[in-house]
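Novice: just a sequence and a predicted model for now, questions to come.
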Amino acid sequence: MSLLGGGGLGLPMAVEVDVVSVQISVTPAAEKAILATMSGDNENHVLVISADSGGCSGYMYDMKIVEKPEEEGYQEIKVADKIIMIHDRDSDLLNGIQLDYKDTLMGGGFQITNPNANRSCGCGQSFG
């Protein structure tokens, strides 16, 4: 049964996840880009990397600069004087990633290499 618009109602489901101690590598180019991107931000801002459901391969990477979350369940990785945070629910998916930054004629951006991915999309933003 659904409501108008076809969205329907759903209840949140509790899903058990394996929490691992996250270790990532950050290339010098990515470190430089993080410092440049966050240079005007106050000390309370952090970079959160997450794995969201979606994309053509099952999960999509998401990166955003936000005020440091108050809730528990995040792991912190210090890069220079900035902090990267990864939520425990994503720890098994993102453990071991390499964060890089490429600057090309077609545009640049952060790139993630994930040893846990069984498959990935050509766009590099989706993995499974």
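Specialist: On my side now, so go ahead.

Novice: can we go C-alpha only for contacts and neighbour counts from here?
Specialist: Will do.

Novice: now do the same contact list for Ile112.
Specialist: Taking CA atoms under 8 Å, 6 or more residues apart in numbering, we find Ile112 in contact with Ile97, Gln98, Leu99, Asp100, Gly124.

Novice: among these, name the ones in strands.
Specialist: Taking DSSP state E, the ones among the contacts of Ile112 that sit in strands are Gln98, Leu99, Asp100.

Novice: closest to Lys32 out of those residues?
Specialist: The closest of the ones in strands among the contacts of Ile112 to Lys32 turns out to be Asp100 (CA to CA; 10.0 Å).

Novice: what's across from that closest one in the sheet?
Specialist: Gln111 (DSSP bridges).

Novice: let me see the ranges of the strands in the protein.
Specialist: Using DSSP E, strands in the chain cover 25-26, 45-54, 58-67, 74-79, 82-87, 98-102, 109-113, 126-127.

Novice: partners of the fourth one, with directions?
Specialist: The pairing partners recorded for strand 74-79 under DSSP bridges are strand 82-87 (antiparallel).

Novice: what are the buried residues along the longest helix that the chain contains?
Specialist: Looking across the chain with DSSP state H, the single longest helix is helix 28-37. Using 16 or more other CA atoms under 10 Å as the test for burial, helix 28-37 gives Ala30, Glu31, Ala33, Ile34.

Novice: what do you get for stretch 83-103?
Specialist: So for stretch 83-103, counting by 16+ other CA under 10 Å, buried means 83-101.

Novice: do stretch 38-53 as well
Specialist: His45, Val46, Leu47, Val48, Ile49, Ser50, Ala51.
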